[in-house]
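Q: Predicted coordinates and the sequence they were generated for:
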Amino acid sequence: MSNASGSTNGMEANFSTLVLSIGSSAAMALGLAPNPMTNKTEKDLNLARFNIDLLRMLRDKTKGNLSADEQKFIESIVTDLQMKFVTAK
């Protein structure tokens, strides 16, 4: 539930949180982390590719509108996930 300030359980809705959310979904789909609902580690490369593509699209659409830290953050996440995707194939 959101409180009066719009925060949800201490989490702030910002660019980094969005990138982490999509990145975590990609990591789970790559079998790098267990699904928190089932506690099982499963691979779904199509879902992983979809989430990585979402991050790439977000990076491309926000280019020039991010702080230097945000740009480095999304670049790092995308690059890391792309490398992990290649090795997971």
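A: Received, thanks.
Q: and residue 69, how many residues sit next to it?
A: Using other Cβ atoms under 10 Å, residue 69 has 10 other residues around it. C-betas here are computed from N, CA, C, even on glycine.
Q: got the contact list for the host helix or strand of it?
A: Element membership for residue 69 (DSSP states H and E) is helix 68-88. By Cβ atoms under 8 Å, 6 or more residues apart in numbering, the residues outside helix 68-88 that reach it are 15-16, 19-20, 23, 26-27, 30-32, 43, 45, 48-49, 51-52, 55-56, 58-59, 62-63, 66.
Q: Narrow these to just the buried residues.
A: For the contacts of helix 68-88, a burial check counting by 16 or more other Cβ atoms under 10 Å picks out 15, 19, 23, 26-27, 30-31, 48-49, 51-52, 55, 58-59, 66.
Q: Quick one: mean pLDDT over stretch 28-39.
A: For stretch 28-39, mean pLDDT is 92.
Q: Out of the buried ones among the contacts of helix 68-88, list just those in helices.
A: Assigned to helices by DSSP state H, the following of the buried ones among the contacts of helix 68-88 qualify: 15, 19, 23, 26-27, 48-49, 51-52, 55, 58-59.
Q: Nearest residue to residue 11 in space, please, no chain neighbours.
A: Excluding the flanking residues, the one nearest residue 11 by Cβ to Cβ, 6 or more residues apart in numbering is residue 17, at 6.2 Å.
Q: Render the CA-only coordinates of the host helix or strand of the one you found in CSV, please.
A: Assessed by DSSP H and E, residue 17 sits inside helix 15-29. This file holds the C-alpha atoms of helix 15-29, laid out as CSV (Å, rounded to 0.1, in the frame of the first residue of the first chain):
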residue,chain,number,x,y,z
PHE,A,15,14.1,5.5,-12.6
SER,A,16,16.5,3.3,-10.7
THR,A,17,13.7,1.3,-9.1
LEU,A,18,12.1,0.8,-12.5
VAL,A,19,15.4,-0.4,-14.0
LEU,A,20,16.0,-2.7,-11.1
SER,A,21,12.5,-4.2,-11.3
ILE,A,22,12.8,-5.0,-15.0
GLY,A,23,16.4,-6.2,-14.5
SER,A,24,15.4,-8.5,-11.7
SER,A,25,12.7,-10.0,-13.9
ALA,A,26,15.3,-10.6,-16.6
ALA,A,27,17.7,-12.2,-14.0
MET,A,28,15.0,-14.5,-12.8
ALA,A,29,14.1,-15.5,-16.4
